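Q: Sequence below, structure please.
(chains A and B)
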2 protein chains.
Amino acid sequence: MQKILSLSNSYRNFLDSLENKKPLFMLAGSYTKTAEIDGITVAGLPGKIYLTPPLDMEVLYYGKPKTNLDIPKMPEGPPSPVLITSVVKKLIDFPLQFLDLGLRVKPKCPYVSIDTKESDSILEGANVDAEYLFEEGLKYSEHISPLNDTIVISECVPAGTTTAYAVTKALGYQSDNCFSSSHFDSSTYNLKESIVNQALEKNLKNVKSPFDAIHYFGDNMQAFTTGFVKGLSKRNKVILAGGTQMAAVLAILNKIDNNINFDNIGLMTTKWILNDAYGNIAAILKQIQSDINVFFSNFSLEKSKFRNLQLYEAGYVKEGTGCGAAICFAYLNGISEAKIIDEIDNLYSLINS
Amino acid sequence: MQKILSLSNSYRNFLDSLENKKPLFMLAGSYTKTAEIDGITVAGLPGKIYLTPPLDMEVLYYGKPKTNLDIPKMPEGPPSPVLITSVVKKLIDFPLQFLDLGLRVKPKCPYVSIDTKESDSILEGANVDAEYLFEEGLKYSEHISPLNDTIVISECVPAGTTTAYAVTKALGYQSDNCFSSSHFDSSTYNLKESIVNQALEKNLKNVKSPFDAIHYFGDNMQAFTTGFVKGLSKRNKVILAGGTQMAAVLAILNKIDNNINFDNIGLMTTKWILNDAYGNIAAILKQIQSDINVFFSNFSLEKSKFRNLQLYEAGYVKEGTGCGAAICFAYLNGISEAKIIDEIDNLYSLINS
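A: Predicted coordinates:
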């Protein structure tokens, strides 16, 4: 079995350079009021979607939540993929850093605060301070760059596939039918498309630059991460850990700076994203001018002891907290799929006991 | 000229191991209402002493303050030693990280938030959540340890020499006449002694452990830093950057864990602290059971073009934001005293223009 899948064999050099690396693993959380549009996201506890980023961070840091007794989960039962990332963190012991890019509720674990506030719904013009956050990301990269040759940046932004869809469409990408969501099936895809089109109708006329597109249709994570990745890519290997939201970050960065060198940049996600019938990450990536180093963890929870974890294989959970990249790094450090599943089962039963 | 002074030649091995190192330079800020006791501290803008930590952090990060137009300074005019640390940061380009351990006003630059609140005046029992913060420091060290083999931890705690005096005295150290302050002369030493004695009279009877001593008489920086240094000292070289406040951290740590191994721990400060007629850092250190690697930057601002900087030599400023350690690392990276003075003069005229 090939443990890490890629779209082209030419990407193997990039992957080989990561063998046995223990990256600095960062998780960027932000909040957009877009998440409050009825039916747009189910990635968390009902009525408390704003708790998903801080709870995920607490589970990663302490091994259990502190803000709340429960962990984020899907309405049907499958728990947050933070379980996967937590287990890999324990197995290969990489350092963590959390970024607060405007969370509504802050985690009760150490996090880096970036001076900003939650953003508005894209139906209200979002109001992301895009250029400021891009510059802050660029500047912050100078302080992170010397700490590790390999930096992973993952995200936790409820409704972030909607902002990703909206910004990329505003920038001229063919984005329709590319962005799936936390929903199990496509039942709400029409809602997402309709929200994005309403937002574009209202404000597309005001967009004169990529920063304007983020300002009206995006989120804080996109604005900061584009600058941060641009800065890091000069000296570090930088891995965007996530699915279509992170593909959108690269698509946006490509419009902000069309001389960006993608050689040091990779994207790592799950096989669940690759196989998602309601999204199309390859279609987004191939519209970016350069080839992107993209990798998918070949990992299945079919053999888990728990039905809620087996449901991942049915498409109930596809990504989150960089779980795809975490599995890739576990494999790159010689950890087996069986060992990861075993530890996930242990953690899941511990959290539910 | 010997650029870095030490109390014993046996410490040179430790110093040699730091040659050409670019450490991760951390600045821990906290706020104790002890700073509001009339006359206890002058380290900042009058009536706005609580702004000193965030302003110092902003100057270090951006090269100028953002929260306020002015930078912290002494009533007589000499500016905050953050100018020195900033210049060295620029010259040898080390990464920064700021810790918010309960600041009243947060900086407008990225900082790591630790879940806690400002502490009370020692006249009101301080109420530092000491054991919790110690454990958080210990845990956080696991995430910092892999990032750099050399970690510098400096502090910015207004009235921190008063809490240092109080805790060490509560723990049985001979602390009288050891802790100077931000004041130019000894005029307020009697006030400090009287405040410490009032606090001890009220709560010394409740002290059953070193954590109790921090709880009633200390500050958040001490509680967190003792745990953090203990954790780091297992795998890293860790440098406490500061004068008598940091000597107190080591004295407290020595009571919390009397098996602590000081081989990987150093203290770096200024010649201004060594020569301070109103404090006695050597007297504190020699009461700790192990030998401490302690170093003093041999640096003078006598040749600065500005009178407010020349006043450092008269004892108006002695330490702050780890400026002594910063100069030591500049020397260890081959930077000359003349170059440092020149850059400080440039930055001072830029900030005042």
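Q: residues near A:Asn20, how many?
A: A:Asn20: 9 surrounding residues under other Cβ atoms under 10 Å in any protein chain shown. Glycine gets a C-beta too; all of them are placed from N, C-alpha and C.
Q: That one - nearest residue in space that isn't next to it in sequence?
A: Leaving aside its chain neighbours, A:Asn20 sits nearest to A:Asn333 (5.8 Å; criterion: Cβ to Cβ, 6 or more residues apart in numbering or on different chains).
Q: Next, the contact list for that neighbour, please.
A: Counting by Cβ atoms under 8 Å, 6 or more residues apart in numbering or on different chains, A:Asn333 makes contact with A:Asn20, A:Lys21, A:Lys22, A:Leu91, A:Ile92.
Q: Of those residues - the most surrounded one?
A: A:Ile92 (19 neighbours).
Q: pretty sure it contacts A:Pro23?
A: No - using Cβ atoms under 8 Å, A:Ile92 makes no contact with A:Pro23, being 9.4 Å away.
Q: Now do the shared contacts for the two.
A: With Cβ under 8 Å, 6+ apart, A:Ile92 and A:Pro23 have common neighbours A:Phe329.
Q: could you measure A:Ala159 against chain B, distance?
A: 24 Å (Cβ to the nearest Cβ, to the nearest Å).
Q: Ok, A:Ser181 next?
A: 31 Å.
Q: That residue in helix, strand or coil?
A: coil (DSSP: H, G, I helix; E, B strand; the rest coil).
Q: For it, which non-adjacent residue is closest in space?
A: A:Thr161 is the one closest to A:Ser181 (Cβ to Cβ, 6+ apart), at 5.1 Å.
Q: Can you tell me how far the one you found is from chain B?
A: For A:Thr161 relative to chain B (Cβ to the nearest Cβ), the value is 27 Å.
Q: what about the residue in the stretch 201-350 of chain A positioned nearest to chain B, how many neighbours?
A: Chain B sits closest to A:Phe224 of the stretch 201-350 of chain A, with a gap of 10.2 Å, by Cβ to the nearest Cβ. For A:Phe224, the neighbour count with other Cβ under 10 Å is 29.
Q: tell me what whichever strand or helix holds it is packed against?
A: A:Phe224 belongs to helix A:220-232 when assigned by DSSP states H and E. Contact analysis of helix A:220-232 by 3 or more Cβ pairs under 8 Å, 6 or more residues apart in numbering or on different chains; DSSP states H and E lists strand A:24-29, helix A:130-144, strand A:150-156, helix A:160-170, helix A:210-217, strand A:237-241, helix A:244-256 as its packing neighbours.
Q: just so I know, which of these lies nearest B:Gly77?
A: helix A:130-144 (31.0 Å; Cβ to Cβ).
Q: For that closest one, which residues meet the burial criterion?
A: For helix A:130-144, a neighbour-count test (16 or more other Cβ atoms under 10 Å in any protein chain shown) marks A:Ala130, A:Glu131, A:Leu133, A:Phe134, A:Glu136, A:Gly137, A:Leu138, A:Lys139, A:Tyr140, A:Ser141, A:His143, A:Ile144 as buried.
Q: Reformat these as a markdown table; add pLDDT and distance to B:Thr150.
A: Output for those, formatted as a markdown table (pLDDT from 0 to 100; distance: Cβ to Cβ, whole Å):
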| residue | pLDDT | distance to B:Thr150 |
| --- | --- | --- |
| A:Ala130 | 98 | 37 |
| A:Glu131 | 98 | 36 |
| A:Leu133 | 98 | 31 |
| A:Phe134 | 98 | 32 |
| A:Glu136 | 98 | 27 |
| A:Gly137 | 98 | 27 |
| A:Leu138 | 98 | 26 |
| A:Lys139 | 97 | 23 |
| A:Tyr140 | 98 | 21 |
| A:Ser141 | 98 | 21 |
| A:His143 | 96 | 16 |
| A:Ile144 | 98 | 17 |
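Q: confidence score at A:Gln97?
A: pLDDT for A:Gln97: 98.
Q: B:Asn177 versus that one, what's the distance?
A: Distance of A:Gln97 to B:Asn177, given as Cβ to Cβ, to the nearest Å: 43 Å.
Q: ok, these two, which is more surrounded?
A: A:Gln97 (21 against 14).
Q: wouldn't the more buried one be in contact with A:Val112 here?
A: Yes - using Cβ under 8 Å, A:Gln97 makes contact with A:Val112 at a distance of 6.2 Å.
Q: The closest residue to A:Leu274 other than its chain neighbours: neighbour count?
A: Leaving aside its chain neighbours, A:Leu274 sits nearest to A:Phe296 (4.5 Å; criterion: Cβ to Cβ, 6+ apart). Residues lying near A:Phe296 (other Cβ under 10 Å) number 23.
Q: which element is A:Phe296 on?
A: strand A:293-297.
Q: Can you get me a residue count around A:Gln2?
A: 7.
Q: can you check A:Glu58 too?
A: 23.
Q: repeat for the one 10 residues further on
A: The local packing count at A:Asn68 equals 15, with neighbours defined by other Cβ under 10 Å.
Q: The one 3 residues further on too?
A: By other Cβ under 10 Å, 23 other residues sit near A:Ile71.
Q: what's the answer for A:Asp16, then?
A: 9.
Q: Could you list which residues are in contact with A:Leu204?
A: A:Ala170, A:Tyr216.
Q: for it, helix, strand, or coil?
A: helix.
Q: now the angle between strand A:150-156 and the helix holding A:Phe224, please.
A: Helix A:220-232 and strand A:150-156 are oriented at 170 degrees to each other (axes from the mean of the first three to the mean of the last three Cα atoms, to 10 degrees).
Q: returning to that earlier point: please report phi then psi for the residue nearest to A:Asn20.
A: phi -100, psi 20 (degrees, to the nearest 10).
Q: if we can go back for a sec, closest to B:Val229 among the contacts of A:Asn333?
A: Relative to B:Val229, and with distances defined as Cβ to Cβ, the nearest of the contacts of A:Asn333 is A:Lys22, at 23.3 Å.
Q: Low-confidence regions, the stretch 101-250 of chain A specifically.
A: A:182-186 (pLDDT under 70).
Q: Which positions in it make contact with chain B?
A: Residues of the stretch 101-250 of chain A that fall close to chain B, judged by Cβ under 8 Å from any Cβ of the partner chain: A:106, A:108-115, A:136, A:140, A:142-148.
Q: Would you mind checking these for buried ones?
A: A:106, A:108-115, A:136, A:140, A:143-148.
Q: From the residues you listed, which land in strands?
A: Per DSSP state E, strands hold the following members of these: A:Tyr111, A:Val112, A:Ser113.
Q: Contacts only, for the last one.
A: Counting by Cβ under 8 Å, 6+ apart, A:Ser113 touches A:Asp100, A:Lys106, B:Asp100, B:Lys106, B:Pro110, B:Tyr111, B:Val112, B:Ser113.
Q: Quick check: the farthest pair among the residues you listed?
A: A:Lys106 and B:Pro110 (14.3 Å).
Q: right, and A:Pro81 touches A:Ile327 too?
A: No - the pair A:Pro81 / A:Ile327 is not scored as a contact, 9.8 Å apart, by Cβ under 8 Å.
Q: mind checking how far the residue nearest to A:Ser181 is from A:Ile273?
A: 11 Å.
Q: Which one of the two is surrounded by more residues?
A: Here A:Thr161 and A:Ile273 are compared on neighbour count by other Cβ under 10 Å; more neighbours surround A:Thr161, at 26 against 23.
Q: so what's the more buried one up against?
A: So A:Thr161 contacts A:Phe179, A:Ser180, A:Ser181, A:Ser182, A:Lys192, A:Thr244, A:Gln245, A:Gly279 (Cβ under 8 Å, 6+ apart).
Q: and the two most separated of the residues you listed?
A: A:Lys192 and A:Gln245 (13.2 Å).
Q: so A:Thr41 sits in a helix?
A: No - counting by three-state DSSP, A:Thr41 is not found in a helix; it is coil.
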